[in-house]
Every structure is written in C-alpha cells, then in structure tokens.
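Participant: here you go, sequence then predicted model.
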Amino acid sequence: MSNWVKNNPGTPQPKAPDLAVVFFENFSKDNPGRFPSAVTETKGGKSVTSIQPVKEGSDIQANFFDMWRQEHADADLQDVPGDMVTTSGSGLDPHITLENAEYQLDRVASKWAQDTKQNPAKVRQQIEEIVQEKAFAPFGGLAGEKMINVLEVNLELRQRFGAPA
C-alpha cells in the first residue's frame, strides 16, 4: 500500500496498492527524467505521496515504445495508418482517415461477404466505392488528409446489404 494509506488510520483501506504510486516509486527511479516520479513528503504529520510530472519535451509514449522495442528487437512490426494507434479509443469521433479505411477494407469486406453470403470480391468492390464516395477533405480540401465518417459508411452498408446475420 502507498505511504499515504499506511500513515492515515481511519481512512478506507483499498484492496490493492495504488498502482500508479507503486509504478512511479519502483520504475521511474531507474529511469530519471523519462517518466513521472513519486515524491513522498511529510505534511502536517502525515506522509503524502504526489506524482511529479516529466520534464517538458519528454514523450512518455515514445519512451515506453523505445524500451519495449529494445526488449523485443526481433518483433515483427507492421506499418499501419497513424490514426489507428494515435487517436482516442472512445468511439465518440466517427471519423477516420481514408488510409485507415482502406487498410481495413479487406477485413470488413470479408466479414460482410460472409454474413450476407455474397461474393467477397463483389462486396469488396462495393464497399470500396462507398468509402471513396464518402471520403472528404477537411476545410473543403484546403488542409489535412481525406477522412471518412465511419457511421455514415456503416449506415450505407446496412442499407445496401441489410443487417448482418
């Protein structure tokens, strides 16, 4: 358990230690400046642990990947569209890049062909046409990559092929 819980009797006791504090206390001390660090201070007779931010200019995700890559140098990596790994996983933003949609085209077409019992090549061609038709460039094409609205594409797929079985 973290020092804060140990030194504050009467507070609800968590079932597990504060994992963030354990991580920062044990991991970041071996990697100074690369990751946030835990600092424990005594305030008003109580021990309080706080997380100190990384120095400006540090990229924590890149640091984690670099460390992982060093440990897994023989791992076979595949190039994927950037927005597949850098955007929110919340599902609230329905837009992905056209490149991302094209990357997923074979998998999506295969599943739709299987569910609707249609020719996979024909289904793929139809889905590709829908994706190209729905693609747009932000700001009227003045800036940014072409995008598609996944919700609009999915609605069009349901309209064209019916609901999957």
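Facilitator: Everything's here; your move. Numbering: from 1, shown residues only.

Participant: could you use CA atoms for every contact and neighbour count after this?
Facilitator: Will do.

Participant: next secondary structure after the biggest helix by length in the chain?
Facilitator: Ranked by residue count, the top helix of the chain under DSSP state H comes out as helix 98-116. Where DSSP states H and E defines the elements, the next helix or strand beyond helix 98-116 is helix 120-134.

Participant: quick one: that next one to helix 98-116, angle?
Facilitator: Counting by axes from the mean of the first three to the mean of the last three Cα atoms, to 10 degrees, helix 120-134 lies at 140 degrees to helix 98-116.

Participant: can I get helix 120-134 in CSV, CA atoms only?
Facilitator: Below are the C-alpha coordinates for helix 120-134, written out as CSV (Å, rounded to 0.1, in the frame of the first residue of the first chain):
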residue,chain,number,x,y,z
PRO,A,120,-16.3,-11.5,-51.5
ALA,A,121,-14.7,-9.7,-54.5
LYS,A,122,-18.0,-8.0,-55.4
VAL,A,123,-18.7,-7.0,-51.8
ARG,A,124,-15.2,-5.6,-51.5
GLN,A,125,-15.6,-3.5,-54.7
GLN,A,126,-19.0,-2.2,-53.5
ILE,A,127,-17.6,-1.2,-50.1
GLU,A,128,-14.6,0.5,-51.7
GLU,A,129,-16.9,2.5,-53.9
ILE,A,130,-18.9,3.6,-50.8
VAL,A,131,-15.7,4.6,-48.9
GLN,A,132,-14.4,6.6,-51.9
GLU,A,133,-17.8,8.3,-52.3
LYS,A,134,-18.0,9.2,-48.6
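
Participant: give the buried residues for that helix.
Facilitator: 120, 123-124, 127-128, 130-132, 134 (16 or more other Cα atoms under 10 Å).

Participant: how many other residues sit next to residue 101?
Facilitator: Here the number of neighbours of residue 101 (other Cα atoms under 10 Å) works out to 23.

Participant: that one contacts residue 129, correct?
Facilitator: No - with contact defined as Cα atoms under 8 Å, residue 101 does not reach residue 129; the gap is 11.8 Å.

Participant: part of a strand, is residue 41?
Facilitator: Yes - the assignment for residue 41 is a strand, going by DSSP: H, G, I helix; E, B strand; the rest coil.

Participant: for residue 123, see how far away it is.
Facilitator: Going from residue 41 to residue 123 by Cα to Cα, to the nearest Å gives 63 Å.

Participant: got the contact list for residue 110?
Facilitator: Going by Cα atoms under 8 Å, 6 or more residues apart in numbering, residue 110 touches 120, 123-124.

Participant: isn't residue 124 up against residue 111?
Facilitator: No - counting by Cα under 8 Å, residue 124 sits too far from residue 111 to count as a contact (9.9 Å).
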